[in-house]
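>>> Need a 3D model of the following:
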Amino acid sequence: MVGLDTTPKTHVLFFDMLEFETLHHVRRDVVEARKHPQNPILPLGNVNEWDCVKAAPWEGRTVVYDEQDNLFKAWYSGIALDLEPEYSLGYATSPDGVTWDKPSLGLIEFNESTDNNLCYRGWGAVVKDHADPDPKRRYKMLAKGPQRPYTKQGIRLVTSPDGIHWGPETRFEIPEWGPKAPDIIGFWRDDQDPDPDRRFKYVWQTKEICNKPYPESSRVKHMAFSPDALHWTAYQDNPFFHPRDSPEQENHFLMIIPYCGWWLALYEFGWYLPDVDSYVTGFRGDVRLAASRDGVHYTRIEPFQKVIPRGGVGQWDADSIIIADKAAIRGDTIHLYYAGNSEDSNGWYRRPLMRPSRMGLATIERDRFTCLRTCDRESFGHAITIPIAVREAEGAGLVVNVDGCHAGRSWLEVDVLDAASGDPVAGYDRPDAVPIVRDGLDVHVAWRGAETLAGVKCESIQLRFRLYGAVQLYSFRFERTDVSSSNM
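Numbers count the residues shown, from 1 in each chain. Below you'll find the model as predicted:
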């Protein structure tokens, strides 16, 4: 049961749509992230360096924005030319998320030199833990490797004061792993979860027989919880994410974002080309969206719509996309980093035909994961919410996240209904609604003579969003508004 009221705790995003009672000529769409024009953004190393074939967040899973240091930081994977495969982590930084520096750390020898940015022999996912009282444990990593095969004793928690110098290591096991250590998909500190025993979360993958035509088994995702990133309890209903629940044949890696009371999974929607002998060269994938209200039960959102599509024919990321494990959020922009592979990619460690894997960036503005829009982007429609309890009406202002506005062609209006009778509230009817004709992440809704709900006297209301033309509505929320100031 979803409860809404007119206080700031109500912030509605459009995922499972439980906050709406009626949609008329209006649909919910996933919003495609905007790929950066300078992609790929992390340079490959020179031919004698450890990352000359791959420099991307694949096995090395993490790119974050460090607000304290005002710096983007990446722990990424590389592949060298004509050497035996070994998984190691490189460290890179960026002031803007686009232009990256690979500092010479002098820590790990490669090709008889320590003049490189290698920071750890192994691979995994990194968390900066601001809450740990011990500064030597500020950074935490779940790691494995550096070489295959892995026994189940191979996964460990590693700590660092700076994200560069790593150690000591503490190994741990989860009985549900089975005979060997599984792939590390993601590792997060989740301050949104109210349960302190679920403060840290870890996702791994195994393979299970699946109801797909090819191959016989597919990757499935499991989750575990921990109060301290060392003592883990597996989720009792694992696997929590499985391709049998959706059209994809495979979900390879995923990113989970705790966001405004939701948990958003940006997952790899994968498929295999028919009549291809090798599942490696036949695999294709992009990134799509799922959402959860509790962090474990996920619903795919418009599963045939993409968040990050593959590139076009001949582009550097035309084959498949591997998403990092975390979003890097700075201000109002959500940075999504990924590894991209070209169509002539020959899979993982397949020589001599292996092609480069590079790091790309796609961005989404705050709240703009999905939108409501008219079905034809031309005429008009409306969406009516479920009842909303009226609380603190005098200072309750309605704020929308909207774009696509154009006066006389595409705009938004909001009128208010008495939830008990269904009748318009006097002073908040359609003729009173001030048309919204400008784009913005925080656009205040007004009615002629009213900028708050102070004139609403009923106990509960419903909002009717009237959409015209190509306008797109991404979210709405309530805020405490100073009625003496103008919102227009």
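>>> And the helices in the stretch 51-200 of the chain, which stretches?
Using DSSP state H, counting those that start in this stretch, no helices are found in the stretch 51-200 of the chain.
>>> now the strands for it?
54-56, 62-66, 71-79, 88-94, 118-121, 123-128, 139-144, 156-160, 169-171, 183-189, 200-209 (DSSP state E, counting those that start in this stretch).
>>> among those, which is the most enclosed?
Comparing these by mean neighbour count (mean count of other C-beta atoms under 10 Å), strand 54-56 ranks first with a mean of 28. All C-beta spots, glycine's among them, are computed from the backbone N, C-alpha and C.
>>> what does that one contact?
Contacts to strand 54-56, defined as C-beta atoms under 8 Å, 6 or more residues apart in numbering, come from residues 42-45, 76-79, 90, 322, 338-340, 356-359.
>>> low pLDDT regions in the stretch 201-350 of the chain?
Across the stretch 201-350 of the chain, the ranges flagged by pLDDT under 70 are 275-281, 344-350.
>>> Strands along that one, start to end?
217-226, 233-234, 254-259, 262-272, 283-292, 299-300, 320-323, 328-330, 333-341.
>>> Name whatever forms a beta bridge with the nearest residue to F380 once chain neighbours are set aside.
Excluding its sequence neighbours, the residue lying closest to F380 (C-beta to C-beta, 6 or more residues apart in numbering) is Y468, at 4.7 Å. As for beta bridges, Y468 partners with F380, W411 under DSSP bridges.
>>> for Y468, what are its contacts?
With C-beta under 8 Å, 6+ apart, Y468 has these contacts: 374, 379-380, 409-413.
>>> Spit out the contact partners of V471.
373-374, 402-405, 410-412, 436.
>>> Narrow those to those in strands?
Of the contacts of V471, the ones assigned to strands by DSSP state E are 373-374, 402-403, 411-412.
>>> Now flag whichever of the residues you listed is closest to P103.
D403 (38.6 Å; C-beta to C-beta).
>>> which of the ones in strands among the contacts of V471 tops the neighbour count?
V402 (28 neighbours; other C-beta atoms under 10 Å).
>>> thinking again about what came up before, JSON lines for the contacts of V471, including pLDDT?
Compiled in JSON lines, those are given as follows (pLDDT from 0 to 100):
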{"residue": "R373", "pLDDT": "99"}
{"residue": "T374", "pLDDT": "99"}
{"residue": "V402", "pLDDT": "99"}
{"residue": "D403", "pLDDT": "98"}
{"residue": "G404", "pLDDT": "98"}
{"residue": "C405", "pLDDT": "98"}
{"residue": "S410", "pLDDT": "98"}
{"residue": "W411", "pLDDT": "99"}
{"residue": "L412", "pLDDT": "99"}
{"residue": "I436", "pLDDT": "98"}
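>>> that older thread, mean neighbour count and distance to D183 for the strands of the stretch 201-350 of the chain - can I get that in CSV?
Listed next are the strands of the stretch 201-350 of the chain as CSV, based on neighbours: other C-beta atoms under 10 Å; distance: least, C-beta to C-beta, whole Å:
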stretch, mean neighbour count, distance to D183
strand 217-226, 21, 8
strand 233-234, 15, 16
strand 254-259, 21, 11
strand 262-272, 23, 13
strand 283-292, 22, 15
strand 299-300, 18, 22
strand 320-323, 26, 12
strand 328-330, 18, 22
strand 333-341, 24, 14
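>>> ok so, going back, Throw the strands of the stretch 51-200 of the chain into TSV and include distance to G270, thanks.
As requested, the strands of the stretch 51-200 of the chain are exported to TSV (distance: least, C-beta to C-beta, whole Å):
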stretch	distance to G270
strand 54-56	17
strand 62-66	21
strand 71-79	19
strand 88-94	25
strand 118-121	28
strand 123-128	20
strand 139-144	22
strand 156-160	29
strand 169-171	31
strand 183-189	14
strand 200-209	12
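>>> T452: which of the ones you listed is closest?
Nearest to T452, of the strands of the stretch 51-200 of the chain and by C-beta to C-beta, is strand 62-66 at 34.6 Å.
>>> any idea of the angle that closest one forms with strand 88-94?
With axes from the mean of the first three to the mean of the last three C-alpha atoms, to 10 degrees applied, the angle from strand 62-66 to strand 88-94 works out at 30 degrees.
>>> ok, N39 to E343 distance?
16 Å (C-beta to C-beta, to the nearest Å).
>>> Repeat that for N117.
According to C-beta to C-beta, N117 and E343 sit 29 Å apart.
>>> Give me the more crowded residue out of these two.
Neighbours per residue, other C-beta under 10 Å: of N117 and E343, the larger number sits with N117, 26 against 17.
>>> Surely that one and A92 touch.
Yes: with contact defined as C-beta atoms under 8 Å, N117 counts as touching A92 (6.4 Å).
>>> Overlap in contacts, the two.
102-103.
>>> neighbouring contacts of stretch 438-450?
Contacts for stretch 438-450 (C-beta under 8 Å, 6+ apart): 332, 365-367, 397-405, 414, 416, 427-428, 431-434, 436, 451, 481, 487-488.
>>> And the buried ones among those residues, selectable in ChimeraX?
To isolate the buried subset of the contacts of stretch 438-450 in ChimeraX, counting by 16 or more other C-beta atoms under 10 Å, use the following:
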select :365,366,367,397,398,399,400,401,402,403,404,405,414,416,427,428,432,433,434,436,451,481,487
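>>> Sort out for me which of the contacts of stretch 438-450 are in strands.
The strands, defined by DSSP E, take in 365, 397-403, 414, 416 from those.
>>> Now that we have these, can you turn them into TSV and tack on distance to K35?
Formatted as TSV, the ones in strands among the contacts of stretch 438-450 follow (distance: C-beta to C-beta, whole Å):
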residue	distance to K35
E365	14
G397	35
L398	33
V399	29
V400	26
N401	21
V402	23
D403	18
V414	33
V416	39
